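Peer 1: Give the three-dimensional model of this entry:
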Amino acid sequence: MTETGNHRPGQDTLPGAVVGTDPDSVFYAPSSPGGMRLCHGCRRLDRCRMGIESEYLDNDGVVVSRMTCGPADEGGPQVAHGGWTAGVMDELVGHTLLMNNEFGVTGTLTVKFVRPVPVGWALIGRAWIVGRENRKIFVRATLELESSSAIVAEADAVMIARPATHFESHYEWLESQRGVQA
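Peer 2: Below you'll find the model as predicted:
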């Protein structure tokens, strides 16, 4: 999982929502003081709940993120809970779209837990687009120790580009589920 893609947004895709700069928009993703694009839940805190401190899009189209797993997310002794690792990998693949000013949701996420992730160590995440097919955007990510570049987790995701009406459609569907008996 080390090949990077250099595919640019908008090629072979259907129109989707674009991450904007309007604070009243559901697609607003401001940056934290450390340069981290914040999701809807994290922007209220002005920091990433997953421990991602900073991120940038490099010249090859790779989103590079720096993070630390804090003690609150410890699973085994001095190692991250697998749920934290999976959550961070989901965040990395999702931010690949955000950093390219696109909006999509995770369709599938496959995480390979290579090594236990140590708590309190500086980590580097890398994520990049490897292909597109209609609304599907294929993304790959790695998580490594900053000190040695040893990979501790890998992920492959299929992201689904979503239109500007994504949340509106979801809320309508959810409302239709009230009172439905299984």
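Peer 1: ok, then the element right after the strand or helix carrying Trp128?
Peer 2: Remark: Trp128 resides in strand 122-133, with elements defined by DSSP states H and E. Per DSSP H and E, the first helix or strand lying C-terminal to strand 122-133 is strand 136-145.
Peer 1: Show me what that following strand packs onto, helices and strands only.
Peer 2: Identification of packing neighbours for strand 136-145 by 3 or more C-beta pairs under 8 Å, 6 or more residues apart in numbering; DSSP states H and E yields helix 82-98, strand 122-133, strand 151-161. The way it works is simple: take the backbone N, C-alpha and C, and place the C-beta from them, glycine included.
Peer 1: Using CSV, write down the CA coordinates of the strand holding Trp128.
Peer 2: Below are the C-alpha coordinates for strand 122-133, written out as CSV (Å, rounded to 0.1, in the frame of the first residue of the first chain):
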residue,chain,number,x,y,z
ALA,A,122,3.8,10.9,17.4
LEU,A,123,2.2,9.3,14.3
ILE,A,124,2.1,10.3,10.7
GLY,A,125,-0.9,9.4,8.5
ARG,A,126,-0.8,9.5,4.7
ALA,A,127,-3.9,9.2,2.5
TRP,A,128,-4.3,9.5,-1.3
ILE,A,129,-6.8,8.9,-4.0
VAL,A,130,-5.9,5.8,-6.1
GLY,A,131,-8.8,5.9,-8.6
ARG,A,132,-12.4,6.9,-9.4
GLU,A,133,-15.4,5.2,-11.0
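Peer 1: Now find how far off-centre that strand is within its chain.
Peer 2: Offset of strand 122-133 from its chain centre (C-alpha atoms, centre = their mean, to the nearest Å): 9 Å.
Peer 1: Quickly note the distance from Trp84 to Ala153.
Peer 2: 10 Å (C-beta to C-beta, to the nearest Å).
Peer 1: Looking only at neighbour counts, state which of the two leads.
Peer 2: A count of neighbours by other C-beta atoms under 10 Å puts Ala153 above the other of Trp84 and Ala153, at 24 against 20.
Peer 1: and the closest residue in space to Gln78 that isn't next to it in sequence, what does it touch?
Peer 2: Nearest residue to Gln78 in three dimensions, chain neighbours excluded: Val119, at 5.3 Å (C-beta to C-beta, 6 or more residues apart in numbering). Val119 is in contact with Cys69, Gly70, Pro71, Asp73, Glu74, Gln78, Val79, Ala80, counting by C-beta atoms under 8 Å, 6 or more residues apart in numbering.
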